[in-house]
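In: Predicted model, plus sequence, below.
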Amino acid sequence: MTAKKAQNILLTGLPRSGTTLACNLLNRIPNSVALHEPMPPTLLLRLGPAGLLEEIQRFFSEQRLQILMHGTAKSKAKDGMVPTNPLSEADANGKRDFVLNGKEIRVPNVSSNDFDLYIKHPAFFTGALSILASQFICFAIIRNPLAILLSWRAAGMPITAGRWPLAEKFNPVLAKSLEAETDVLQRQLIILNFGFSQFLKFLPGRTIKYEEIIALCGRALAPMNVSALHLNEPLESRNLLGIRSDPAARAVAERLLGHDSACWSFYQRADVEALLC
């Protein structure tokens with residue numbers, strides 16, 4: 001029998017697509033560790049293509065050693081774990097806060113050195129996919145585009161204003177397009193199209209839908225880790241939250257439905273319309 005080979009995998013996606021949930025679920029699988037934005041972006045942005053690839057590989061090796069020796073790993077965390085969601089529920093004013101309170105997670109589920117290790121950096125990895133996808137196994141979590149846009153409006157993040165700073169710093173074309181646009185929703189539509197275009201071009205067959213993760217209780221992550229087929233977590237879709245709480249939801253949907261976007265290579269317009277019913 002051939003010995004299992006440990007895998008190093010990069011995980012990306014647009015903001016608020018379910019990438020943190022995916023990390024949380026992957027961390028429930030034996031010999032599987034997923035890190036939530038553990039690398040310093042200021043360092044990555046200073047590196048050229050070759051240096052970037054070397055630094056990511058070095059970081060994988062460093063974290064593997066730390067996990068095996070100390071049972072911990074670098075990661076944004078809530079109480080020593082990657083949460084299902086980095087944001088709190090909305091308060092009475094619709095404001096949401098980050099719940100993250102640490103930079104290290106405990107790793108109790110590794111029993112051998114052939115464990116799979118995942119690193120998630122949605123903004124930076126999406127912007128750098130042209131370099132990363134040729135050297136690393138990469139996956140993206142995708143989500144209904146209307147649910148994404150409505151989540152952005154309430155997130156209290158740069159994306160709420162139609163900017164994606166880390167992706168922009170690595171991709172000057174995206175930055176220039178956003179700088180030239182004054183309408184916030186139009187900037188968000190540009191970002192939406194950029195992300196889905198990157199996934200379409202560089203990750204054919206390596207996108208996983210948030211909706212399927214929810215419907216299959218986490219088992220849709222099996223393309224990343226076959227042991228995910230044993231997951232049976234009770235999960236609830238949050239796709240309707242924005243529809244119920246945002247009075248501008250239908251206006252946003254109309255703009256999206258009239259927009260020529262790469263998102264339509266993954267979702268049908270009927271998928272957006274279904275959320276409005």
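Out: Here it is on my side, so go on.
In: Could you use CA atoms for every contact and neighbour count after this?
Out: Fine.
In: pLDDT-wise, which helix or strand of the chain ranks last?
Out: Between all helices and strands in the chain, the lowest mean by mean pLDDT, DSSP states H and E belongs to helix 41-45, at a mean of 84.
In: Mind listing what's buried along stretch 45-54?
Out: 52-53 (16 or more other C-alpha atoms under 10 Å).
In: ends of it, how far apart?
Out: 13 Å (C-alpha to C-alpha, to the nearest Å).
In: ok, and what's touching that stretch?
Out: Stretch 45-54 has contacts (C-alpha atoms under 8 Å, 6 or more residues apart in numbering) with 44, 131-132, 135, 169-170.
In: Likewise for stretch 146-164?
Out: Against stretch 146-164 from outside (C-alpha under 8 Å, 6+ apart): 15-17, 87, 94-97, 123, 165, 178, 184-188, 191, 239-240, 242-243, 246, 249, 252-253, 256, 272.
In: for it, the distance to its chain's centre please.
Out: Distance of stretch 146-164 from the chain centroid (C-alpha atoms, centre = their mean, to the nearest Å) equals 14 Å.
In: Next, the buried residues of that stretch.
Out: 146-157, 159-164.
In: Now restrict the contacts of stretch 146-164 to buried residues only.
Out: For the contacts of stretch 146-164, a burial check counting by 16+ other C-alpha under 10 Å picks out 15-17, 87, 96, 123, 178, 184-188, 191, 239, 242-243, 249, 252-253, 256, 272.
In: Okay, and which of those residues map to helices?
Out: In helices, judged by DSSP state H, the following of those are found: 123, 178, 184-188, 191, 242-243, 249, 252-253, 256, 272.
In: And the contacts of stretch 45-54, which two are furthest apart?
Out: 135 and 169 (21.1 Å; C-alpha to C-alpha).
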